[in-house]
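**Student:** Below are the sequence and a predicted model for it; my questions follow.
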Amino acid sequence: MLIPIPSLTLCLIVIASSLPTLISSTPVPISPRSPVLSTTPQTEASTEPTAHTNNPDPAAGPSPPLLSPRSDTVWGVPGTQTSLSLHFTATVIPPAILPVLNDAYNSVYAHLHTAGDGLLPGGNFDFADHLMVVKVWNSNNHQITWGVLGSALWGLRDFMQEKGVWGVVVFQVLDGSSWVGSGMVGWRKRWDS
């Protein structure tokens, strides 16, 4: 015998109401509400960019090594108030990317040594070698300085070396609690125009 649909619905409602409540009225967080720095899992990032770490549970211990570039990792640059929100898009071998990162950092360091800190001229930094390019620009109605740029480049290289992840990356630069810049490291042919 077939039960008419309205009667079946009523039966299901009665059965469901007799079951114990499985849904809590108090929300249970699935992951921490603010991003945790990958370098020091006990330290929360200064702001909340749309990012997360690869280890949302610091009590679980250190994260396993990354097998491939992960998206949206927050990395705090040791000894500074600079942090990066990293989004890797492709893997690159270290000999292709390490020279441009080192040379870009060295050019920023040379500027700091000779001219001191200050705002980037025109709000942009472009550096290229024969294979790759580094581009950084002001973001979020803020201005990036040479010192923060140097910290960001140092931190980017530090992350890649420590995690063994070398690749094309787009990133946001945070100076303390302020998102001050955005940037990318990629193939020169694709980004030069």
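**Tutor:** Nice, I can see it.
**Student:** This protein: helices as residue ranges?
**Tutor:** 5-18, 94-115, 146-163, 188-191 (DSSP state H).
**Student:** Including mean pLDDT, distance to Phe88 and mean neighbour count, could the ones you listed go into CSV?
**Tutor:** The way it works is simple: take the backbone N, C-alpha and C, and place the C-beta from them, glycine included. Listed next are the helices of the chain as CSV, based on pLDDT from 0 to 100; distance: least, C-beta to C-beta, whole Å; neighbours: other C-beta atoms under 10 Å:
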stretch, mean pLDDT, distance to Phe88, mean neighbour count
helix 5-18, 55, 45, 9
helix 94-115, 96, 11, 16
helix 146-163, 96, 9, 22
helix 188-191, 70, 15, 12
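**Student:** For these, give me a markdown table that also has distance to Asp126.
**Tutor:** Below are the helices of the chain laid out as a markdown table (distance: least, C-beta to C-beta, whole Å):
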| stretch | distance to Asp126 |
| --- | --- |
| helix 5-18 | 62 |
| helix 94-115 | 9 |
| helix 146-163 | 12 |
| helix 188-191 | 9 |
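**Student:** Nearest to Gly176, out of those helices?
**Tutor:** Nearest of these to Gly176, taken as C-beta to C-beta: helix 146-163 at 9.5 Å.
**Student:** got the angle between that closest one and helix 94-115?
**Tutor:** 150 degrees (axes from the mean of the first three to the mean of the last three C-alpha atoms, to 10 degrees).
**Student:** by contact count, what packs against helix 146-163?
**Tutor:** The contact analysis (3 or more C-beta pairs under 8 Å, 6 or more residues apart in numbering; DSSP states H and E) places helix 146-163 against strand 73-76, strand 82-91, helix 94-115, strand 132-138, strand 167-175, strand 178-187.
**Student:** Now that helix - C-alpha only, CSV.
**Tutor:** Extracted in CSV, the C-alpha atoms of helix 146-163 (Å, rounded to 0.1, in the frame of the first residue of the first chain):
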residue,chain,number,x,y,z
TRP,A,146,61.8,49.8,1.1
GLY,A,147,62.2,48.2,4.5
VAL,A,148,59.0,46.3,4.4
LEU,A,149,59.7,45.3,0.8
GLY,A,150,63.1,43.9,1.9
SER,A,151,61.5,42.0,4.7
ALA,A,152,58.9,40.6,2.3
LEU,A,153,61.5,39.4,-0.2
TRP,A,154,63.5,37.9,2.6
GLY,A,155,60.4,36.1,4.0
LEU,A,156,59.4,34.8,0.6
ARG,A,157,62.8,33.2,0.1
ASP,A,158,62.8,32.0,3.7
PHE,A,159,59.5,30.3,3.2
MET,A,160,60.5,28.6,-0.1
GLN,A,161,63.8,27.4,1.4
GLU,A,162,62.3,26.1,4.7
LYS,A,163,59.3,24.4,3.2
